[in-house]
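1. Predicted structure and sequence below. I'll ask about it afterward.
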There are 2 protein chains.
Amino acid sequence: MDLAGLIADATDLRDGDIVVVAQKVVSKAEGAIVRLDPGEDRAAARRRLVREQAARIVADAPWALIVETRQGLVCANAGIDASNVEPGALSLLPEDPDASASRLRAALRRRAGVDVAVVISDTFGRPWRMGQTDVAIGLAGLPALRDERGGRDRYGMLLEVTEVALGDEVAAAADLIRRKADGVPVVVLRGLAWTPDESARAADLQRPPAEDLFPRGRGALADLLADPPELLSAAAPDGQAGPGADERRRALAAARRAGDGRVRVEPQGAEGEPLTVVLAADSQASDLIGLGAAAATLTAALADFGWISAIDEQATAEGHRLVVRVGRPEPRPVAAPRAGSISDGHR
Amino acid sequence: MDLAGLIADATDLRDGDIVVVAQKVVSKAEGAIVRLDPGEDRAAARRRLVREQAARIVADAPWALIVETRQGLVCANAGIDASNVEPGALSLLPEDPDASASRLRAALRRRAGVDVAVVISDTFGRPWRMGQTDVAIGLAGLPALRDERGGRDRYGMLLEVTEVALGDEVAAAADLIRRKADGVPVVVLRGLAWTPDESARAADLQRPPAEDLFPRGRGALADLLADPPELLSAAAPDGQAGPGADERRRALAAARRAGDGRVRVEPQGAEGEPLTVVLAADSQASDLIGLGAAAATLTAALADFGWISAIDEQATAEGHRLVVRVGRPEPRPVAAPRAGSISDGHR
């Protein structure tokens, strides 16, 4: 499918326009469509594909599976979608939406001789808010964020934390004038002043994991505690060898409280180094119950911060001790969709 | 401050326009401004006020306190803001933003003779996404959500879960053409087709707690485990007497795994009734450690679902048992800001 040609023919683009393209049509143009086996249930196939495409499961509810995709997007059902796709097929996200946007922008410049921005939009749900809004999953030309930090307000006060999610607001604005059922693939925004940025990318709209306050949804901890991943290495894949100072302090405080004064809680390893915690108690029944509670509470608190633990039990001359080693699991490889079932695009 | 008069004088409104008003100017017009004590540090005063205004703390990070406000909004710092407010004061959210929007809409009809929609917008951060977007915290006339459920896509497939957050997309679109530093209080959107709805309210954009997959942010569990609220009642304030079937199953599975086959885990009470779990083990050291671990794991898993637990330890002839009672804390009353320090509006 020659998407740039179709857009150039259907619109009268001018320099400075912002071309907002629905994810679905980009996925179709790039052949990111999975054809199901004959007779395979589409809902069941989607659940299977979501788990295959997920780098990480964020929340698992009966009505939605929230995951982080291989592109780094956190969204329901990995963006895998059955609407406006032919029966017997599902649409995946484009493999690299920023690259898709850049190619489309360059093709529109060649084809129509115009300098436009391109935003690839998709429809996302949100925590705490009802309804969906469109966000930018890929873009080119238009800065993803409009940095207003360092500006001053009407009283001369510095604006410290104001960075407008320009790409997402553009996607939301474009969504105002179309209905999902229309299948309108492209909306052109005209008249907005923007400064071209050749290095712009929607990936800048993805919050870095270290700043993510919501790594897990309700119930994910219960599943993690029931089925913990194996501790393969004390060092985290991102190079952080152990919990930070604040994480250590709060997890150890929880363990000490669970031990109810009967358990000695001794961390080993400085901040930034691998963490081991030795918990020890006497052999009284209440002390031993407290020892188990302290270790489990430490494990749960650390899991809440994104760390996992392995526990060794040791009998000593004075009583009992548990050695809790803390690390991160190796990141799970993301499976590619079954190659044989990918179609050659939209037919 | 006669906000409707100022807007009517500064604009040339027509029927069908959407008037998007920044929260700040509504708060100023309504006197929702707190004057600080002389010499009081503005950042420290804000932290104090945020905790006073919060119905619930969702996440506590060094750089932001995410709370649920008394209006039911989940946002950073309870919407309490120092930008574009005179020195020595802070702006609170309007007490009832939907009522504020309705009053403003009626006043514009009287004053300018036009039927417009009113959206009160505020700037919110988002989980997983960088930058802020404007959302609708109050509205009148314009439906908050555009329900596309029941529609059909281009292949005739039913659109099952598509409900566009119209109010939020309107707020985001309006934000595109202003800078925070400009202090532009009002943006008029013209040309969007919308169906007037006299019962419209932005509160419909707030996800009900039962559907909320993100009741807590990173680290909140560690703090909860270190400092659990008292179990005052086995019945939840929302009338739900105990965890649902899925929550029970997953929490009990976590406890059984932590008990490592050495702890008997016996739930009492059917779904929808108060839940008590009896955990029992023999007197061997490893069994007692497992007993403590199972109880603490059950507590942590239930806390992840929003429930709290109280544990009683009992010695029996055969060994030891722990009785875990499950309930919800009473909701914490929200403190009003100190009345004496509220100014009579913007001077």
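-> Arrived safely, thanks for sending.
2. For chain B, tell me whether the longest helix along chain A is touching it.
-> Counting by DSSP state H, the longest helix found in chain A is helix A:285-304. Yes. Part of helix A:285-304 sits close enough to chain B to count as contact by C-beta under 8 Å from any C-beta of the partner chain, namely A:285-286, A:288-297, A:299-301, A:304. C-betas here are computed from N, CA, C, even on glycine.
3. buried set for that helix?
-> Neighbour-count burial for helix A:285-304, counted by 16 or more other C-beta atoms under 10 Å in any protein chain shown, picks out A:285-304.
4. What of stretch A:207-224?
-> Judged by neighbour count (16+ other C-beta under 10 Å), stretch A:207-224 contains these buried residues: A:207, A:212-224.
5. Save those residues as CSV, and put in secondary structure, pLDDT and distance to chain B too.
-> Supplementary listing: those in CSV, determined by DSSP: H, G, I helix; E, B strand; the rest coil; pLDDT from 0 to 100; distance: C-beta to the nearest C-beta, whole Å:
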residue, secondary structure, pLDDT, distance to chain B
A:207, coil, 93, 5
A:212, coil, 88, 6
A:213, coil, 90, 4
A:214, coil, 91, 4
A:215, coil, 85, 6
A:216, coil, 85, 8
A:217, coil, 87, 4
A:218, coil, 84, 5
A:219, coil, 82, 6
A:220, helix, 84, 8
A:221, helix, 89, 4
A:222, helix, 90, 4
A:223, helix, 87, 6
A:224, helix, 88, 8
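6. Just confirm residue A:6 is within a strand.
-> No. If the criterion is DSSP: H, G, I helix; E, B strand; the rest coil, then residue A:6 is helix and not within a strand.
7. Which pLDDT does the model give residue A:154?
-> At residue A:154, the pLDDT value in this model is 66.
8. Max pairwise distance over the buried residues of stretch A:207-224: which two?
-> Set against one another by C-beta to C-beta, these have their most distant pair in A:207 and A:222, with a gap of 24.8 Å.
9. can you map out the helices along chain A?
-> Residue ranges of the helices in chain A, as given by DSSP H, are A:3-10, A:23-29, A:42-53, A:97-112, A:166-175, A:220-226, A:245-259, A:285-304.
10. burial measure for residue A:251, as a count.
-> The local packing of residue A:251 (other C-beta atoms under 10 Å in any protein chain shown) involves 33 other residues.
11. And the one 5 residues further on, by the same measure?
-> Look at residue A:256: counted by other C-beta under 10 Å, it has 18 neighbours.
12. per-residue confidence at it?
-> Predicted confidence (pLDDT) for residue A:256: 97.
13. didn't residue A:145 look like it was pressed against residue B:130?
-> Yes. Using C-beta atoms under 8 Å, residue A:145 is in contact with residue B:130, at 6.2 Å.
14. who touches both of the two?
-> Counting by C-beta atoms under 8 Å, 6 or more residues apart in numbering or on different chains, the shared contacts of residue A:145 and residue B:130 are A:163, A:165, A:204, A:205.
15. Restricted to strands, list those residues.
-> With DSSP state E as the criterion, strands contain residue A:163 from among the shared contacts of residue A:145 and residue B:130.
16. Give me the lowest-pLDDT entry from the shared contacts of residue A:145 and residue B:130.
-> Across these, no position has a lower pLDDT than residue A:163, which has 91.
17. Now for the nearest residue to that residue once chain neighbours are set aside, how many residues are close by?
-> Using C-beta to C-beta, 6 or more residues apart in numbering or on different chains and skipping residues adjacent in sequence, the residue nearest residue A:163 is residue B:131, 4.7 Å away. If you count neighbours by other C-beta under 10 Å, residue B:131 ends up with 23.
18. Now do the same contact list for residue B:131.
-> A:144, A:145, A:146, A:163, A:164, A:165, A:166, A:168, A:205, B:125.
19. which one of these is nearest residue A:32?
-> Taking C-beta to C-beta as the measure, residue A:205 is the one of the contacts of residue B:131 closest to residue A:32, at 20.3 Å.
20. Correct me if wrong: that closest one contacts residue A:165.
-> Yes. In this structure residue A:205 lies within contact range of residue A:165 using C-beta under 8 Å: 6.0 Å.
21. Residue A:208: what's it in contact with?
-> Contact analysis of residue A:208 by C-beta under 8 Å, 6+ apart lists nothing.
22. Can you give me the pLDDT of it?
-> As summarised for this prediction, residue A:208 has a pLDDT of 88.
23. Could you give the bridge partners of residue A:68?
-> Note on residue A:68: beta-bridge partners residue A:56, residue A:74, judged by DSSP bridges.
24. Now do the contacts for it.
-> Counting by C-beta under 8 Å, 6+ apart, residue A:68 touches A:54, A:55, A:56, A:58, A:74.
25. One more pass at 6 Å, please.
-> Residue A:68 sits next to A:55, A:56, A:74 when contact means C-beta atoms under 6 Å, 6 or more residues apart in numbering or on different chains.
26. swap in residue A:93?
-> The contact partners of residue A:93, by C-beta under 6 Å, 6+ apart, come to residue A:79.
27. any idea how far the spatially most central residue of chain A is from residue B:204?
-> In chain A, the C-alpha nearest the mean C-alpha coordinate belongs to residue A:74, at 2.9 Å (C-alpha atoms, centre = their mean). When C-beta to C-beta, to the nearest Å is applied, the distance between residue A:74 and residue B:204 equals 24 Å.
28. Please apply the same query to residue A:188.
-> Distance, residue A:188 to residue B:204, by C-beta to C-beta: 31 Å.
29. try residue A:242
-> In this structure, residue A:242 lies at 45 Å from residue B:204, with C-beta to C-beta as the measure.
30. Check residue A:66 too.
-> Distance, residue A:66 to residue B:204, using C-beta to C-beta: 22 Å.
31. And those two? Which one has more around it.
-> It is residue A:66, of residue A:66 and residue B:204, that has more neighbours when counted by other C-beta under 10 Å, with 26 against 17.
32. export the contacts of residue A:68 to CSV and tack on distance to residue B:172 and pLDDT?
-> Formatted as CSV, those follow (distance: C-beta to C-beta, whole Å; pLDDT from 0 to 100):
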residue, distance to residue B:172, pLDDT
A:55, 28, 88
A:56, 27, 83
A:74, 19, 96
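33. how near is the closest residue to residue A:223 other than its chain neighbours to residue A:142?
-> Counting by C-beta to C-beta, 6+ apart, residue A:223 lies nearest to residue B:250, which is 6.2 Å off, once chain neighbours are set aside. With distances defined as C-beta to C-beta, the gap from residue B:250 to residue A:142 amounts to 43 Å.
34. Could you do residue A:117 as well?
-> Counting by C-beta to C-beta, the gap from residue A:117 to residue A:142 is 4 Å.
35. got it, and residue A:41?
-> Looking at residue A:41 against residue A:142, where the rule is C-beta to C-beta, the gap reads 40 Å.
36. These two - which one has more neighbours?
-> residue A:142 (27 against 11).
37. which residues touch the more buried one?
-> Applying C-beta under 6 Å, 6+ apart, we find residue A:142 in contact with A:117, A:194, A:200.
38. Make sure the last one is actually in contact with residue A:145.
-> No. The criterion here is C-beta atoms under 6 Å, and residue A:200 misses it with residue A:145 at 9.2 Å.
39. For the stretch 101-250 of chain A, give me the ranges with low pLDDT.
-> Per-residue confidence for the stretch 101-250 of chain A (pLDDT under 70) gives these ranges: A:150, A:153-161, A:181, A:232-239.
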